[in-house]
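Student: sequence isn't available, so here's the structure alone:
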């Protein structure tokens, strides 16, 4: 089960990274950052399994944006990136929040099962692994775990720093862009992983992680959506929000690595 992985192999890599650090969903940049940071944490065994599915010298980042890009040809996959949990919910009810299994939590679980079994055609197996890589990142994007109406997230404008954008644009990529280049944000995420309580991040189930993400949304996304006035954020409050985004990306990375290690540990 995800979260019960014997993560001592990841621990070794994380400790090494700690020393190194001292010397739509997330948009494309966010997905790439998650995949690059997760790659650092994979054991050699897991990397060999990725090669087996995807080809020699394949890396997670090569497929990080596939799940988002495929929506144009497969619009039925769009609901897979989110889970609409209402603000007054006291917990997750998949029958209520994920009808017919069409949500990110259920689809990540489905992809895990199919990749673990490994009994489908090579091309199909590769697609499920690519979908898993993308959706595992989406699982930790707060704006994707709140209830309808979706149009509010795409129409409500906010000013963050010196930029004006929709709430969804902010959480998809605007906040990440405020932190600098992809390389700068990646280094920030790696530092958060190296210094953070990563052992705690590896515990729990997919449902636990989804609920945690929703609670973050209650605190940080909903205030942007409410009220008639202009939402503006700057200064220390903005830096606190950027630290939160860094943590969400770091958790996405650690948990993607945990999922892949767990898939092939069985």
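Tutor: Right, received. Where do you want to start? Computed from a predicted structure; not experimentally measured. Residues are numbered from 1 along each chain as shown.
Student: quick check: phi and psi on residue 121?
Tutor: phi -60, psi 150 (degrees, to the nearest 10).
Student: now for the closest residue to residue 86 other than its chain neighbours: which residues touch it?
Tutor: Nearest residue to residue 86, sequence neighbours excluded (Cβ to Cβ, 6 or more residues apart in numbering): residue 147, at 4.1 Å. (Glycine included, C-beta is placed from N, CA and C.) By Cβ atoms under 8 Å, 6 or more residues apart in numbering, the contact set of residue 147 is 84, 85, 86, 87.
Student: tell me where the model's unsure across the chain.
Tutor: 1-24, 150-151, 266 (pLDDT under 70).
Student: list the buried residues in the helix ranked longest in it.
Tutor: Scanning the chain for the helix with the most residues, using DSSP state H, yields helix 235-265. Within helix 235-265, the residues that count as buried by 16 or more other Cβ atoms under 10 Å are 241-242, 245-265.
Student: can you check stretch 191-203 too?
Tutor: 191, 192, 193, 194, 196, 198, 201, 202.
Student: list the contacts for the residue sitting nearest the centre point of the chain?
Tutor: In the chain, the residue lying closest to the centroid (Cα atoms, centre = their mean) is residue 137, at 2.1 Å. Counting by Cβ under 8 Å, 6+ apart, residue 137 touches 25, 26, 30, 31, 34, 35, 64, 252, 256.
Student: can you give me the helices in the stretch 151-266 of the chain?
Tutor: 167-169, 175-178, 182-195, 198-201, 206-220, 222-225, 235-265 (DSSP state H, counting those that start in this stretch).
Student: the last one: how far from the chain's middle?
Tutor: When distances are taken as Cα atoms, centre = their mean, to the nearest Å, helix 235-265 is centred 7 Å away from the chain's centroid.
Student: that one vs helix 206-220, what angle?
Tutor: 170 degrees (axes from the mean of the first three to the mean of the last three Cα atoms, to 10 degrees).
Student: break down this structure into its strands, ranges please.
Tutor: Here the chain has its strands, by DSSP state E, at 157-160, 163-166, 231-233.
Student: what's the most buried one of those strands?
Tutor: The highest mean neighbour count among those, using mean count of other Cβ atoms under 10 Å, belongs to strand 157-160: a mean of 17.
Student: right, and the strands of the chain - which one's nearest residue 210?
Tutor: strand 163-166 (23.4 Å; Cβ to Cβ).
Student: residues contacting that closest one, please?
Tutor: 153, 154, 155, 156, 157, 158, 174, 178.
Student: tell me the bridge partners for the fifth one.
Tutor: I take that to be residue 157. residue 166 (DSSP bridges).
Student: okay then, goodbye and thanks.
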